[in-house]
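Trainee: pasting the sequence and the predicted model now:
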Amino acid sequence: MPEQNATATPTITLPEGVVAENTGLAVMTALRNYGVDTIFGIPGTHNLEFYRHLAALEIRPVTSRHEQGAGYAADGWSQQTGLPGVVITTSGPGLLNALSAAGTAYCESRPLITLSPGVPEGEEFADIGSLHETKDATAAAGAIVEWSRRVTSGTEAVQAVHDAFELSRTSRPRPVHIEIPLDVLEGPSDAPAELLRAVEPPAPQPAGSAAVDAAVAALRGAGRPVILAGGGSLRAGRNLLHLAEALQAPVLTTLNGKGAVPESHPLALGSDIRLEPARRFCE
C-alpha cells in the first residue's frame, strides 16, 4: 500500500450558480476534491441524489450484489490508494448490511466513509411504515464505527466529510458514517463553494527531520530495541526505516503492517509476529 497522498488539491470547480443545487452534489464534490474517483454501493430509491452527479464529477460507481460486498470492496480500495474508501448505501437495512465491513475496518484501524440517506427531518422514530424506515440508523452505526452523524444541512454534511479525512490523516484511522435526511439530501445545499475544497494535509515529517531525530535520540539508549510495526506504519514507511537504521533495530510487522519496510532489508524480520519465536524475540 502506498503512503497516503502528501498533497490534495481541488480537482472540480463547479460552474457559478450550481454549487447549491443540492446536498448530494455538494458532498460528492467535496469527496472528488479529496481525490476520491471511485465509490462502491447499490443505487436505490433514496440515494439517487448521491449517484446522479457521479458522471459529471468523473467518479466511477462500482455496484455490488450486496452492501456488505460494497463495504469490503471500498476497504480494499482504501488499502490500495491510502484514501478513505467510500460506500453509498440505501437507507435503513441497506446501511445495516454494510456494517460488517465497517466493523472490520474499525478493528483493523482503516478509514472508511459510509454515506446513507435517512428518514426526512421530523419523521425520526415516527414508525409510520415508510420505505426502509429504521428505528435509529445513526445509533446503530455509531455502535460500530468511530463516529456516526445525522446531519441537518449541506454545510454539516460537507463538514463531516472534512472531519472524516482529518481523522484518517491525523489520528488513528477508523470508519465513520454520515446519515443525510432525505429532504436535506435532495434539497438545496447551503454549503459555500469554498467549503467544497479539500483541506491540505499536514506536511509529512521527512526522514532526518527534527521530529524524527528526536524520536531516535529518545530511543538510542535502549539496550535491545525491537520495532513492532502494525498497519498504521504503512503511512510512515520512510520514517520507520530511518528509525530502524538509526537504532539498528530489527523490525517485525503484523500482517497488516507487511510492506512497511522492504522485507529484503537486513533489519526486516518479516510479518511473523504471529509465530511464537517472534513473540519471544520481542520479550
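Mentor: Arrived safely, thanks for sending.
Trainee: check which helices and strands the helix or strand bottoming out on mean pLDDT in the chain sits against.
Mentor: When each helix and strand of the chain is scored by mean pLDDT, DSSP states H and E, helix 276-281 comes last, with a mean of 80. Contacts defined by 3 or more C-beta pairs under 8 Å, 6 or more residues apart in numbering; DSSP states H and E place helix 276-281 against no helix or strand at all. (Glycine included, C-beta is placed from N, CA and C.)
Trainee: show residues contacting stretch 218-235.
Mentor: Residues outside stretch 218-235 that contact it (C-beta atoms under 8 Å, 6 or more residues apart in numbering) are 1, 3-4, 82, 108-110, 172-173, 240, 243-244, 246-247, 249-254, 256-257, 259-261, 273, 281-282.
Trainee: and the strands in this structure?
Mentor: 38-41, 60-63, 85-88, 112-118, 147-150, 175-181, 227-229, 251-253 (DSSP state E).
Trainee: how about the last one: buried residues?
Mentor: Just to be clear, that refers to strand 251-253. Judged by neighbour count using 16 or more other C-beta atoms under 10 Å, the buried positions of strand 251-253 are 251-253.
Trainee: as CSV, the residues you listed with distance to D163 and pLDDT would be great.
Mentor: CSV is the format used below for the buried residues of strand 251-253 (distance: C-beta to C-beta, whole Å; pLDDT from 0 to 100):
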residue, distance to D163, pLDDT
V251, 33, 91
L252, 34, 90
T253, 30, 88
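Trainee: I'd like those residues laid out as TSV, including distance to A137.
Mentor: Putting the buried residues of strand 251-253 into TSV (distance: C-beta to C-beta, whole Å) gives the following:
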residue	distance to A137
V251	42
L252	41
T253	37
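Trainee: and which of those residues is nearest A191?
Mentor: Ranked by distance to A191 (C-beta to C-beta), the buried residues of strand 251-253 are led by T253 at 41.0 Å.
Trainee: bridged to that closest one, which residues?
Mentor: Per DSSP bridges, the residues bridged to T253 are A229.
Trainee: I'd say it and L267 touch.
Mentor: No - between T253 and L267 there is no contact under C-beta atoms under 8 Å: 11.6 Å.
Trainee: now list whatever residues contact both of these two.
Mentor: Common contacts of T253 and L267 (C-beta under 8 Å, 6+ apart): V261.
Trainee: low-scoring stretches of the stretch 151-283 of the chain, by residue?
Mentor: 204-208 (pLDDT under 70).
Trainee: mind doing that once more with 50?
Mentor: Within the stretch 151-283 of the chain, no stretch has pLDDT under 50.
Trainee: buried residues in the least confident helix or strand of the chain, which are they?
Mentor: 278, 281.
Trainee: convert the C-alpha atoms of that helix to PDB, please.
Mentor: Presented in PDB, the C-alpha positions along helix 276-281 are these (Å, rounded to 0.1, in the frame of the first residue of the first chain):
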ATOM      1  CA  GLU A 276       5.900 -18.000  19.000                       C
ATOM      2  CA  PRO A 277       9.700 -17.400  18.300                       C
ATOM      3  CA  ALA A 278       8.900 -13.900  17.000                       C
ATOM      4  CA  ARG A 279       6.900 -13.100  20.100                       C
ATOM      5  CA  ARG A 280       9.700 -14.400  22.400                       C
ATOM      6  CA  PHE A 281      12.200 -12.300  20.400                       C
END
